[in-house]
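>>> sharing a model prediction with you, sequence too.
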Amino acid sequence: VHSLVLHGLDALFYSSTLTLVALGLAVVFGLLGVINIAHGEFVALGAYGLVLGQSAGLGYWGGLLVGVLLAAAAGGITQVVIVRRLQDNLVMTLLAMYGLSLVIREALAWAFGAAGRSAHAPVAGKVSLAGVDYPAYRLLGLLIVFGLVVVLGLLFAKTRVGIISRAVVENRWIAQTVGINVKWVDFTMFALGTGLAGLAGAVLAPTVSVYPAMGQQFLILSFLVVIFTGVDRVRRNLFVVVVGALAIGVLSNVLGLHMRGVVAQIVLLMAVVAIVSVRPQGLLKS
Amino acid sequence: VTAESTGASVGRLVRRLPASGGVKDGRFAIAAVLVVTVLIAVTALRQSLYNQLTTTSFLILALFALSLGVVWGYGGLWMFGQSLFFGGSAYTYALYTRHFSETGLLPILAAVGVSIIAAIILALTIVRRLGGIFFALITIILVFVAEQAAQSFTFVGGFNGMTGVPPIDVTLGPAHFSSFNARGMLILVAVLVVTAYLCLALFVRSQMGSALVLVRDNPELAESMGYRPGLYRGVALVLGASLAGLAGVLFAASQGAVFPNAIGFTLSAEAVVWLLVGGQLSLAGPVIASLLLSYVQDSLSSSSIQQRWVLIEGLLLIVVATWAPGGLLDGISRIGSRTRHLFLRQVRPPTAEGGQLT
């Protein structure tokens, strides 16, 4: 039972970070249709923001804010300079975003060095839970992610901003004709998506080593999550991503228990590719 | 209707399609590839052994760039995992020669065969069902996982890769070739680049090439005419894979080693950069761009800029994708003068007067 609870919590924490990374990608890829291959680099920006903030004496929460703002600002600039110009050209956007990922990664390596940095958790020690001692920060991370999903859900469902952005995703042209500034919505949503990536990086930072290429491993997994969930379904309801992330997260943790990490990843990948080949609309039923 | 007349009519049709960009490499482009390759090879032959070796590897990478040009420019497939074929066959060559301790033609054929089989599997599973951006995404994911696998499986040497890969040593009747001889290898690779380029330039002028362009530019029309898009995309993929596989074998044999980055995302992306900088729709573009960028990078190797080469490449990619999507040459010639037709035989959209076409 001990190990079961422990593995369960680990899988849950892992899934929740994946949810956070994939949510940002779902906003940018699912809603705006931009294949943001630089998503992982925005995650890294968030993590470095936390490191910077902490070393500047802002503490964890200040650092978290710095990380989110840094990633959101970088995303906003990207949207204006690159994405807006290439609106309908999917593959050129992809290439430009790849260029951007190289630039951000190299710039981070230049500024901070290629070696890993570490960030400090706001809470130390362990909490006893169902007979298992579990790191307190991981539980806090779980809470942050859970809270965020609720807040975002309310934002999209209840507020005017949320309704406007859903209208733009649903039908751009009609939204425009009723007087919605779609350019502004695109901009805000892109910044929101990259800001979420930054938040994911900042939440993750205390549990991992912070280095310029840290986002790469999440990039592949979060793309897997969005593909697995189905892009069309994500467009209709952003929050199915949570289910997809939970499924992929738990699956990869379970596979990881039984085989080597790489083999587990290959099996997972093959499974997702097979599923997507058979059901391009995604596996989950709506 | 005979096959011949259908082919000819498809050719005519393709020439009528609006906005299909470049269709065939013009005479100037063909001449440029020939002159550049020969010039590079002849210059290197008169220089030091080190220069000969680097030139050989640059030319091999040019062959690799050409292979992506076929898949991307003619298959219309947004391939982000071309190094799957390159690295896959490089590893196969290394494994085959190690386990059967045999050189000659067989390991080369086996290695190229593996990448062709991989391409066929990809064509049957993914290309047939999912085109466009999904193909791009899946190939990105595949190549990432392949690199991780190469890094962690011990039978291919893990992070350290495989060393001691024997050079190519082929005896065909009276003729004998060994890549022990650096000059011989350089000449072989240069000849291969030119031959492969010319064959492909001829191929895309053939009936099948016209059909490929039709499938790329207007899959619905192609399908309604009885051309199966999946089949033609698959043909382009297999062609590209065999060429990339050949490049992989040459690379492994000339370096004497294979490392995980040969199958990794960075190399794939590098090829995409060459393609983009050279222009997506021609075959000469990627070849010349790859040689140009390789030489620029090499000439910077002594300066401090070299350490930031990836940063420069990233910026270049952003600039080209955003401001000159037809490639750098295209962008420059658009700004400068009307020399664009020198590089690509441009297709004019149908005229308003009822399609009176040249």
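Sure thing, it's come through.
>>> low-scoring stretches of chain B, by residue?
Applying pLDDT under 70 to chain B flags residues B:1-24, B:127-131, B:173-174, B:179, B:328-358.
>>> near chain B, which residues of chain A?
Residues of chain A lying close to chain B (CB under 8 Å from any CB of the partner chain) are A:35, A:37, A:81-82, A:85-86, A:89-96, A:98-103, A:105-107, A:110, A:216, A:220, A:223-224, A:227, A:260-262, A:265-266, A:269, A:273, A:276-277, A:280. No exception for glycine: its C-beta is placed from N, CA and C like everyone else's.
>>> out of these, which are buried?
A:35, A:37, A:82, A:86, A:90-96, A:98-103, A:105-107, A:216, A:220, A:223-224, A:227, A:265-266, A:269, A:273, A:276-277 (16 or more other CB atoms under 10 Å in any protein chain shown).
>>> now intersect those with the helices, please.
Among these, DSSP state H puts A:90-96, A:98-103, A:105-107, A:216, A:220, A:223-224, A:227, A:265-266, A:269, A:273, A:276-277 in helices.
>>> which parts of the stretch 151-286 of chain A are helices?
For the stretch 151-286 of chain A, the helices defined by DSSP state H, counting those that start in this stretch occupy A:160-170, A:172-177, A:182-204, A:216-229, A:231-236, A:240-258, A:261-278.
>>> please apply the same query to the stretch 51-200 of chain B.
B:83-99, B:105-122, B:132-152, B:182-203.
>>> in CSV: the helices of the stretch 151-286 of chain A, plus mean pLDDT.
Below are the helices of the stretch 151-286 of chain A laid out as CSV (pLDDT from 0 to 100):
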stretch, mean pLDDT
helix A:160-170, 84
helix A:172-177, 86
helix A:182-204, 90
helix A:216-229, 82
helix A:231-236, 74
helix A:240-258, 83
helix A:261-278, 76
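>>> these: which one's closest to residue B:312?
helix A:216-229 (20.5 Å; CB to CB).
>>> got a list of contacts for the closest one?
For helix A:216-229, the surrounding residues in contact (CB atoms under 8 Å, 6 or more residues apart in numbering or on different chains) are A:17-18, A:21-22, A:24-26, A:29-30, A:37, A:39-40, A:43, A:200, A:234, A:240-241, A:243-245, A:247-248, A:252, A:268-269, A:272, A:275-276, A:282-284, B:134, B:137, B:140-141, B:144-145.
>>> for residue A:138, which of the helices of the stretch 51-200 of chain B is the nearest?
Closest approach to residue A:138 among these (CB to CB): helix B:132-152, 25.3 Å.
>>> which of the residues in the closest one are buried?
B:133-152.
>>> so what's the residue count around the residue nearest to residue A:103 when sequence neighbours are not counted?
Spatial nearest neighbour of residue A:103, excluding adjacent residues (CB to CB, 6 or more residues apart in numbering or on different chains): residue B:314 at 3.9 Å. Here the count is done by other CB atoms under 10 Å in any protein chain shown, and residue B:314 has 25 residues near it.
>>> surely residue B:314 meets residue A:106?
Yes - counting by CB atoms under 8 Å, residue B:314 touches residue A:106, with 6.5 Å between them.
>>> ok, and of the buried residues of helix B:132-152, which contact chain A?
B:133-134, B:136-138, B:140-142, B:144-145, B:148-149, B:151-152.
>>> residues contacting residue A:41?
A:100-101, A:104-105, A:108, A:215.
>>> name the nearest of those residues relative to chain B.
residue A:100 (6.0 Å; CB to the nearest CB).
>>> what subset of the contacts of helix A:216-229 is buried?
Buried, going by 16+ other CB under 10 Å: A:17-18, A:21-22, A:24-26, A:29-30, A:37, A:39-40, A:43, A:200, A:234, A:240-241, A:244-245, A:247-248, A:252, A:268-269, A:272, A:276, A:282-283, B:134, B:137, B:140-141, B:144-145, out of these.
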